[in-house]
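Build the 3D model from these lines:
(2 chains)
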Amino acid sequence: MAKNTKKTAAPAAAQAAAAAPAAQAVKPAGLFGYAPAPESPAAAGDIATSYGHFIGGEFVDSSGSEALKTVNPATEQVLAEFAQGTDEDVDRAVAAARRAFTDWSALPGSERAKYLFRIARIVQERSRELAVLESMDNGKPIRETRDFDIPTVAAWFFYYAGWADKLDYAGFGPNPKPLGVAGQVIPWNFPLMMLAWKIAPALATGNTVVLKPAETTPLTALRFAEICRQAGLPKGVVNIVTGDGRTGAALTAHPDVNKVAFTGSTPVGRAIARQLAGSRKKLSLELGGKAANIVFDDAPIDQAVEGIVNGIFFNQGHVCCAGSRLLVQESIQDELLDALKHRMATLRVGDPLDKNTDIGAINSAAQLARITELTDAGEAEGADRWSPECELPGTGFWFKPTIFTGVSQAHRIAQEEIFGPVLSVLTFRTPAEAVEKANNTPFGLSAGVWTEKGSRILWTANRLKAGVVWANTFNKFDPTSPFGGYKESGYGREGGRHGLEAYLDV
Amino acid sequence: MSETTIARLDVLKTYKLYVGGKFPRSESGRVYEVTDSKGEWLANAPLGTRKDARDAVLAARAAVKGWAGTTAYNRGQVLYRVAEMLQGRREQFAAEVALSEGIGPKKAAALVDTAIDRWVWYAGWTDKVAQIAGGANPVAGPYFNLSTPEPTGVVGIVAPQAGYGHSLLGLVSVVAPAIATGNTVVVAAAADAPLPALSLGEVLATSDVPGGVVNLISGRTADIAPTLASHQDVNAVDLTGAIADEGPGAAAALEALAADTLKRVIRPELDPFAQDWTNAPGTDRLLSFLETKTVWHPMGI
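Coordinates of the predicted model:
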């Protein structure tokens, strides 16, 4: 503490700096500074040196010898080795799921529900362990895994548990049937939450699943397999096969898979849709986004700034529905940007296991390279780059929270998904222009609107081509609420009653 | 006809495409022979081309904003008006369907009646679909959150090419649900039996359906369907008729084309000949070309 105080300016001086028009980078420290509050890595439980797959209720070795490594992106330390799933592994997992399907789908919904309720409860009981493990494997701050990811996982299982015995009333006709074996491929940005989004509705509707987690974040999925065992889930109902895109492609192409669910990039989604053409597999896709966050001149500035920060810097910007394009009405541009820069200067980047950390590590070297490439393109194409001053750790993958002003619609940073803590700022003069610019991408996943005028919210929301519109808020999720995109952001919805349709023969 | 009287010569109808509310000739300037089930010449139909399909997509796109923007009540009125106009030309359609599908006049008339009733059924859905497909979500937090269905946009439809009643009832069964929810459509009509479809254009033109909401093209499905499936400005494709035309492979190829722009797809039945269009339609097609938009807002004072 004494060390901290030495460095500090007086609070008054800090406030003066805050009020300065061209927001300076303000380093919060001293009286209002933070002492390190690290979570213990030991809370993650035992991490094995190497993992196989989870097939038919057992942890099994891969038929192949290739192993991949998952690293902690904040330290670059190898956490564990895991198997690169082969075609044969996928075969075995699908066969196990097929065998389990007969009994699982015949089970009364009320009994299936109990298994899901059990899973939800165990997730809650083991939430600290899961949060720490997720944080270490993914690089996201413990504050988010603890307060958002894991509670959402539990909520998702609770919500769909209750649907299992009420499917006749879901609006898809009487006695709706499950599809069979679901092949599910999920991304690395919310490893356990995406698993819950996929597995909970699939199981509730009577399907069995083979899930492939992302190759940079397999650990919590494998830990989830243990939870399935603790819950007494019948063998083969949930199978987890690890590996990279090759394993995913083998799974989605497998002839005995009846349903494919994919969350990830638009190019991969497009490839899967092409691969499945002519098959009778049902497909749902949650793909990329380039959300516009529209701030009108009558918006509550302080709330809007919080929403913008949450919209783009939540989860290091590794969010498909991130508010990556700020559309601000020209008349309030200066005021809003000053406030935004000041707020950004208070963001704490660093150790994901520190409870004070706002922005953790970029998930992988490859993702960092992509963010770097796109931001370089932003500068090369003439946009102005700004980041608050902050020290980045020496090891690991890091990227400063960054905004680009003077962005035109033609710039790559206004069109392509960056998937990192990078915000592109565009301006508009009229509501019609805001809507026009907001809709000017092939994506249509989400959008934000900030204004105090109710009729303007409704007018704007009505015209936005996006599956989720957050008005005077951003990045809110709930298991009861459908989520999914328009246009090339994919098809189908996850969450809510709508989320059942993807797993039912309707 | 005796040799002493001069028979009155029928005035034959020149069938035309229906695009953007107008009746253009095909861009190709060509026609093809339409015959009855015994191979007797019935009429010449315009040989619609890829360019005709693209023009139709333009017209359909231009019509989206107005049509999707009308009130559900108004759309219901417009669909009901189509039923009224179709009823008035019942005999003409019965004759065309009988010749197109090689069935008796009574059966054909019954099919036309069912087609009329289907417009009425979908007319009643326009202002109800949001209530069954949307609603409030009880989120765990101080937020008001509402899901609403919205039209997907432009839908490319390969009309049924086979099955009992496909030429008119099948066509109506795929077009009416798509436009009831505010989409606009470009339809590749049944290639071998396009006359009821082209005459339906005349009914739509004299109803209150805005130009461009429904566009009907006759010709080779193999030309028109891939154009629709690959077009950047088409948001969804209904491939119901794709399988019968060129075999199952055609539908798969079209689905692969549609994947490039991630279009929503209705796949064809495995056996289109087994499809009986007189069956009750259900809500599947009504819900297929809807997006769900969820709007959140904080609650509090």
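
what's stretch A:496-506 in contact with?
A:160, A:163, A:167, A:170-173, A:176-179, A:182, A:197, A:201-202, A:204-205, A:207, A:259, A:261, A:282, A:284, A:479-482, A:484, A:492-494, B:137, B:147, B:284, B:292 (CB atoms under 8 Å, 6 or more residues apart in numbering or on different chains). For the C-beta atoms, the positions are set from N, CA and C on the backbone; glycine is no exception.

do stretch A:89-97 as well
A:53, A:55-57, A:60, A:62-64, A:83, A:85, A:181, A:183, A:208-210, A:235-237, A:239-241, A:243, A:247, A:250-251, A:254, A:256-257.

buried subset of the residues you listed?
Among the contacts of stretch A:89-97, those classed as buried by 16 or more other CB atoms under 10 Å in any protein chain shown are A:53, A:55-57, A:60, A:62-63, A:83, A:85, A:181, A:183, A:208-210, A:235-237, A:239-241, A:243, A:247, A:250-251, A:254, A:257.

At the contact with chain A, which residues of chain B appear?
B:132-133, B:137-141, B:143, B:145, B:147, B:152, B:235, B:248-249, B:251-256, B:258-262, B:264, B:267, B:282, B:284, B:291-298 (CB under 8 Å from any CB of the partner chain).

for the chain, which spans come out with low pLDDT?
No chain in the question, so chain A it is. A:1-32 (pLDDT under 70).

try chain B instead
B:1-4, B:244-249.

how about a cut-off of 80?
For chain B, applying pLDDT under 80 flags the ranges B:1-5, B:243-249, B:272.

Which one of the residues in it is closest to chain A?
Nearest residue of chain B to chain A, counting by CB to the nearest CB: B:A252, 2.5 Å away.

Pull the number of nearby residues for that residue.
B:A252 has 18 neighbours, counted by other CB atoms under 10 Å in any protein chain shown.

just the one 4 residues further on next, same as before
Burial of B:A256 is recorded as 17 neighbouring residues (other CB under 10 Å).

Spatially nearest residue to it (excluding sequence neighbours)?
Nearest residue to B:A256 in three dimensions, chain neighbours excluded: A:A277, at 3.8 Å (CB to CB, 6 or more residues apart in numbering or on different chains).

Distance check, the one you found against A:E488.
Remark: distance between A:A277 and A:E488 (CB to CB, to the nearest Å) = 16 Å.

Over to A:A261?
Distance, A:A261 to A:E488, by CB to CB: 17 Å.

for B:R90, same thing?
44 Å.

Who are the packing partners of the host helix or strand of A:R456?
If you go by DSSP states H and E, A:R456 is part of helix A:454-463. Using 3 or more CB pairs under 8 Å, 6 or more residues apart in numbering or on different chains; DSSP states H and E, the elements in contact with helix A:454-463 are helix A:431-438, strand A:446-450, strand A:468-471, strand B:290-298.

want to throw the ones you listed into CSV with distance to A:S110 and mean neighbour count?
Shown next, in CSV, are the helices and strands packed on helix A:454-463 (distance: least, CB to CB, whole Å; neighbours: other CB atoms under 10 Å in any protein chain shown):
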stretch, distance to A:S110, mean neighbour count
helix A:431-438, 45, 18
strand A:446-450, 35, 31
strand A:468-471, 32, 27
strand B:290-298, 28, 22
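
So which of these is nearest A:A339?
Evaluated over those, closeness to A:A339 peaks at strand A:446-450, with 12.5 Å, by CB to CB.

what angle separates that closest one from helix A:431-438?
150 degrees (axes from the mean of the first three to the mean of the last three CA atoms, to 10 degrees).

who does strand A:446-450 touch, helix- and strand-wise?
Using 3+ CB pairs under 8 Å, 6+ apart: strand A:446-450 touches strand A:292-295, helix A:301-313, helix A:454-463, strand A:468-471.

Report the inter-axis angle for it versus helix A:301-313.
When the same axes, to 10 degrees is applied, the directions of strand A:446-450 and helix A:301-313 differ by 170 degrees.

Given strand A:446-450, what are its sheet partners and their directions?
Counting by DSSP bridges, the strands paired with strand A:446-450 are strand A:292-295 (parallel), strand A:468-471 (parallel).

contact partners of the first one?
When you say that, I think you mean strand A:292-295. A:304, A:307-308, A:311-312, A:323, A:325-329, A:332, A:336, A:428, A:434, A:437-438, A:447-451, A:460, A:464, A:474.

The residue nearest to A:T152 when sequence neighbours are not counted sits in which helix or strand?
Spatial nearest neighbour of A:T152, chain neighbours left out: A:M193 (5.3 Å); criterion: CB to CB, 6+ apart. Assigned by DSSP H and E, A:M193 belongs to helix A:191-204.

going on from that helix, what's the next piece of helix or strand?
strand A:208-212.

Can you show me the CA trace of that next one as PDB?
This file holds the C-alpha atoms of strand A:208-212, laid out as PDB (Å, rounded to 0.1, in the frame of the first residue of the first chain):
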ATOM      1  CA  THR A 208     -28.000 -37.000 -27.500                       C
ATOM      2  CA  VAL A 209     -24.800 -35.000 -28.300                       C
ATOM      3  CA  VAL A 210     -21.300 -35.100 -29.500                       C
ATOM      4  CA  LEU A 211     -19.600 -31.800 -28.700                       C
ATOM      5  CA  LYS A 212     -16.300 -30.500 -30.000                       C
END
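
Can you dump the C-alpha atoms of whatever helix or strand comes next after it in PDB for me?
The element immediately downstream of strand A:208-212 (helix or strand, assigned by DSSP H and E) is helix A:219-230. The C-alpha trace of helix A:219-230 is given here as PDB (Å, rounded to 0.1, in the frame of the first residue of the first chain):
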ATOM      1  CA  LEU A 219     -10.500 -27.800 -20.400                       C
ATOM      2  CA  THR A 220     -13.900 -26.700 -19.000                       C
ATOM      3  CA  ALA A 221     -15.700 -29.000 -21.400                       C
ATOM      4  CA  LEU A 222     -13.700 -31.900 -20.200                       C
ATOM      5  CA  ARG A 223     -14.400 -30.900 -16.600                       C
ATOM      6  CA  PHE A 224     -18.100 -30.700 -17.600                       C
ATOM      7  CA  ALA A 225     -17.800 -34.400 -18.500                       C
ATOM      8  CA  GLU A 226     -17.000 -35.100 -14.900                       C
ATOM      9  CA  ILE A 227     -20.100 -33.200 -13.900                       C
ATOM     10  CA  CYS A 228     -22.200 -35.400 -16.200                       C
ATOM     11  CA  ARG A 229     -20.800 -38.400 -14.400                       C
ATOM     12  CA  GLN A 230     -21.500 -36.900 -11.000                       C
END
